[in-house]
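Colleague: Give me coordinates for this.
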Amino acid sequence: MKTAQKNTSAITVTVKYLSVLRDKTGIRQEEVSFPEKSVLGEVAELVHGRYGIKVPDPLVMFVLNGRGWNQYPERLATPLKNGDIILIFPPVSGG
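Modeller: Numbering: from 1, shown residues only. This is a model prediction of the structure:
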């Protein structure tokens, strides 16, 4: 597991990469620290900057604590909380 910068007055979240996105990043998950009052969009920016994974994107699911980012009223402006879990994966389809 890869760990980003640590800060005592920070919010730490876990970002998990599933399916082909795990192959793209080379890791299953990482713990990332953000300053207090950070929002979900900052996770999207970090993931894009580090791995080139763009969120929002119709080819990428971005889920916070079991709910899609667009299910939150604040969307990408949703405040982060210590211990949040973010899943990033391609959409699943069936036939």
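Colleague: Could you pull out the buried residues of stretch 30-37?
Modeller: 30, 32-34 (16 or more other CB atoms under 10 Å). The C-beta positions use only the backbone N, C-alpha and C, and glycine is treated the same way.
Colleague: who are the neighbours in contact with residue 54?
Modeller: Applying CB atoms under 8 Å, 6 or more residues apart in numbering, we find residue 54 in contact with 48, 60.
Colleague: Mind checking the pLDDT average for the longest helix seen in the chain?
Modeller: Counting by DSSP state H, the longest helix found in the chain is helix 40-51. Averaging pLDDT along helix 40-51 gives 96.
Colleague: From the rest of the structure, what touches that helix?
Modeller: 4, 13, 15, 21, 24-25, 32, 34, 53-56, 62, 64, 69, 72, 74-80, 86, 88.
Colleague: sorry, back to before: kindly reformat the buried residues of stretch 30-37 as a markdown table and extend each row with distance to residue 41 and secondary structure.
Modeller: Shown next, in a markdown table, are the buried residues of stretch 30-37 (distance: CB to CB, whole Å; DSSP: H, G, I helix; E, B strand; the rest coil):
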| residue | distance to residue 41 | secondary structure |
| --- | --- | --- |
| 30 | 18 | strand |
| 32 | 14 | strand |
| 33 | 16 | strand |
| 34 | 11 | strand |
